[in-house]
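Visitor: Quick one, what's the 3D model for this:
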Amino acid sequence: MRIGIKVLRNEGFLGLLILCVRFLEKILLRFSQSPSVKHQINVHVKYRDALVADYRKSKHHWEGSSAKTLTLNWLMPPPGRGSGGHLNIFRFISYLEAAGHICRIYLYTQHAPGRVGDVRALMGDSYPQLNAKMEWIDSGDEMKPADGIFATSWETAYASFNASTTGKRFYFVQDFEPYFYPMGTLSVLAENTYKFGFYGVTAGNWLATKLHGDYGMQTDYFDFGADKKTYSYINNSSRTEIFFYARPYTERRGFEMGIMALEIFHQQNPEIAINLAGWDVSDYDIPFPYNNLQTLEIQDLNELYNKCAAALVMSLTNMSLLPLELLSSGVIPVVNEGENNTLVSNNPYIEYTANNPAALAEALSRIVKRKDLSAFSKAASESIPSTSWDESGSKFVKIVEREVRKHD
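Guide: Numbering: from 1, shown residues only. Predicted structure coming up:
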């Protein structure tokens with residue numbers, strides 16, 4: 001029940017439903033005496049879509065479009081409340097609509113289609129308002145023809161590849177998804193989507209460089225930004241707390257490494273309050289005092305951030321959106337060093353640090369002990385321009401318009 005409540009809170013009703021189905025499957029397999037009960041082959045995408053997608057055979061050729069107003073289909077998994085990846089997708093759809101283009105949203109998962117009303121209720125008001133119509137599909141062939149079709153995850157890339165629907169194929173890539181799994185079928189299936197011949201538009205330069213270099217994909221990228229209306233500098237006095245983005249079920253967020261670093265930090269700075277947010281961590285034996293803030297609404301984050309001098313953000317694949325948002329609020333982010341982060345942002349106020357507990361703790365301590373911390377925090381906030389996402393959105397629209405009008 002505790003797990004179910006956590007999943008409902010963090011992943012929404014659809015996540016809870018999937019969890020319940022898998023739990024019931026395990027119970028039936030454990031207790032059924034019938035030899036007909038079998039393990040299902042679960043490949044996180046519709047089985048047939050994975051079965052028939054032969055990337056060796058080029059499927060889609062685009063003649064180019066001269067239309068002034070473009071129509072663009074977006075394939076995505078159903079969004080839940082507060083999903084950062086979906087928020088970014090909706091943000092860039094809004095830029096296309098503002099430029100006069102028409103967008104459609106198609107929801108796709110390996111499971112049977114649900115109801116759009118349930119998804120919209122789960123989303124609440126945490127996403128930009130769009131004109132785009134949203135509907136469920138069972139396969140990509142249910143999409144209407146368009147000038148461009150965007151896959152937004154490796155699962156939706158299969159539906160896009162297999163569909164006979166007309167449209168220039170794009171891939172909106174926000175992370176290197178093969179890293180989400182141990183080496184095996186799922187990591188290979190995810191990696192294969194980079195060989196589908198889609199045009200990749202990536203979040204940051206690291207992904208664009210990696211996908212082009214390793215898989216020969218044609219790529220371009222947009223820079224990360226921060227919403228200054230949501231994240232702003234409002235505390236010019238002392239900051240006596242720090243923040244850790246704690247996601248134990250998201251391996252790429254380095255939860256265990258972060259806890260080790262924070263234990264060392266607490267031993268050296270016992271007077272500094274440590275805030276953990278991103279998940280309910282009450283079931284974990286954490287070896288220092290902390291505030292378990294669980295999952296916060298976006299509108300509650302700025303107040304928390306403005307209490308903090310520093311933040312620990314572990315990013316083991318593509319860089320998180322958090323560092324620039326934290327900087328906007330005057331928080332100095334400590335981030336593990338690596339091209340996956342430094343190629344995304346070279347902001348001088350991000351503290352890139354060796355990826356081991358002692359080094360991360362040392363960087364946090366160095367920040368909280370700065371004598372000029374207030375002035376440094378304000379300067380960090382001012383390093384993020386108020387138009388950062390607008391600049392990225394403008395670049396994104398130009399990329400799409402340019403590529404849709406090209407002949408493959």
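Visitor: From residue 271, how far out is the closest residue to residue 234 other than its chain neighbours?
Guide: Leaving aside its chain neighbours, residue 234 sits nearest to residue 306 (5.1 Å; criterion: CB to CB, 6 or more residues apart in numbering). No exception for glycine: its C-beta is placed from N, CA and C like everyone else's. Noted for residue 306: a distance of 19 Å to residue 271, by CB to CB, to the nearest Å.
Visitor: So which of these two has more stuff around it?
Guide: residue 306 (21 against 7; other CB atoms under 10 Å).
Visitor: so who does the residue nearest to residue 234 touch?
Guide: Shown in contact with residue 306 (CB atoms under 8 Å, 6 or more residues apart in numbering): 233, 234, 235, 239, 329, 330, 331.
Visitor: which of these count as buried?
Guide: 233, 235, 239, 329, 330, 331 (16 or more other CB atoms under 10 Å).
Visitor: Of those residues, which belong to helices?
Guide: Among the buried ones among the contacts of residue 306, the subset assigned to helices under DSSP state H is empty.
Visitor: Tell me which two of the residues you listed sit farthest apart.
Guide: 233 and 239 (11.0 Å; CB to CB).
Visitor: what touches both of the two?
Guide: Common neighbours of residue 233 and residue 239 (CB under 8 Å, 6+ apart) are 306, 330, 377.
Visitor: Find the nearest non-adjacent residue to the second one, please.
Guide: The spatial neighbour of residue 330 that comes closest, neighbours along the chain excluded (CB to CB, 6+ apart), is residue 377 at 3.7 Å.
Visitor: Which secondary structure elements does the strand or helix carrying that neighbour sit against?
Guide: Using DSSP states H and E, residue 377 sits in helix 373-382. On a contact count with 3 or more CB pairs under 8 Å, 6 or more residues apart in numbering; DSSP states H and E, helix 373-382 meets helix 322-328, strand 332-336.
Visitor: can these go into JSON lines with extra columns for distance to residue 146 and mean neighbour count?
Guide: Listed next are those as JSON lines, based on distance: least, CB to CB, whole Å; neighbours: other CB atoms under 10 Å:
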{"stretch": "helix 322-328", "distance to residue 146": "32", "mean neighbour count": "27"}
{"stretch": "strand 332-336", "distance to residue 146": "38", "mean neighbour count": "27"}
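Visitor: between the ones you listed, which one is nearest to residue 265?
Guide: Nearest to residue 265, of these and by CB to CB, is strand 332-336 at 9.7 Å.
Visitor: Next secondary structure after the closest one?
Guide: Toward the C-terminus from strand 332-336 - assigned by DSSP H and E - lies helix 339-342.
Visitor: about what we covered before: want to throw the helices and strands packed on helix 373-382 into a markdown table with distance to residue 184?
Guide: As requested, the helices and strands packed on helix 373-382 are exported to a markdown table (distance: least, CB to CB, whole Å):
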| stretch | distance to residue 184 |
| --- | --- |
| helix 322-328 | 29 |
| strand 332-336 | 25 |
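Visitor: mind giving me JSON lines with those and columns for distance to residue 181 and mean pLDDT?
Guide: What follows is the helices and strands packed on helix 373-382, written out as JSON lines (distance: least, CB to CB, whole Å; pLDDT from 0 to 100):
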{"stretch": "helix 322-328", "distance to residue 181": "23", "mean pLDDT": "97"}
{"stretch": "strand 332-336", "distance to residue 181": "20", "mean pLDDT": "98"}
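Visitor: quick one, which of these is nearest to residue 141?
Guide: Across those, closest to residue 141 is helix 322-328 (CB to CB), at 38.2 Å.
Visitor: mind saving the C-alpha coords of stretch 139-155 as CSV?
Guide: This file holds the C-alpha atoms of stretch 139-155, laid out as CSV (Å, rounded to 0.1, in the frame of the first residue of the first chain):
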residue,chain,number,x,y,z
SER,A,139,-0.7,2.4,-33.7
GLY,A,140,1.0,5.1,-35.7
ASP,A,141,-1.2,4.5,-38.7
GLU,A,142,-4.1,6.2,-36.8
MET,A,143,-2.3,9.5,-37.2
LYS,A,144,-3.4,12.0,-39.8
PRO,A,145,-0.8,13.0,-42.4
ALA,A,146,1.3,15.9,-41.4
ASP,A,147,4.3,18.0,-42.5
GLY,A,148,6.3,16.6,-39.6
ILE,A,149,6.0,13.8,-37.1
PHE,A,150,7.8,14.0,-33.7
ALA,A,151,8.7,11.0,-31.7
THR,A,152,9.4,12.1,-28.1
SER,A,153,10.7,8.8,-26.5
TRP,A,154,12.2,5.6,-27.8
GLU,A,155,8.8,3.8,-27.5
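Visitor: By neighbour count, which bits of it are buried? Give me those.
Guide: 140, 143, 146, 147, 148, 149, 150, 151, 152, 153, 154, 155.
Visitor: Give me the distance from that stretch to the chain's centre.
Guide: 19 Å (CA atoms, centre = their mean, to the nearest Å).
Visitor: Can you check which of the helices and strands packed on helix 373-382 gets nearest to residue 83?
Guide: helix 322-328 (14.1 Å).
Visitor: The closest residue to residue 246 other than its chain neighbours and residue 284, how far apart?
Guide: Ranked by CB to CB, 6+ apart and with sequence neighbours excluded, the top spatial neighbour of residue 246 is residue 276, at 4.2 Å. To residue 284, residue 276 is 9 Å away according to CB to CB.
Visitor: and what of residue 395?
Guide: Remark: distance between residue 395 and residue 284 (CB to CB) = 41 Å.
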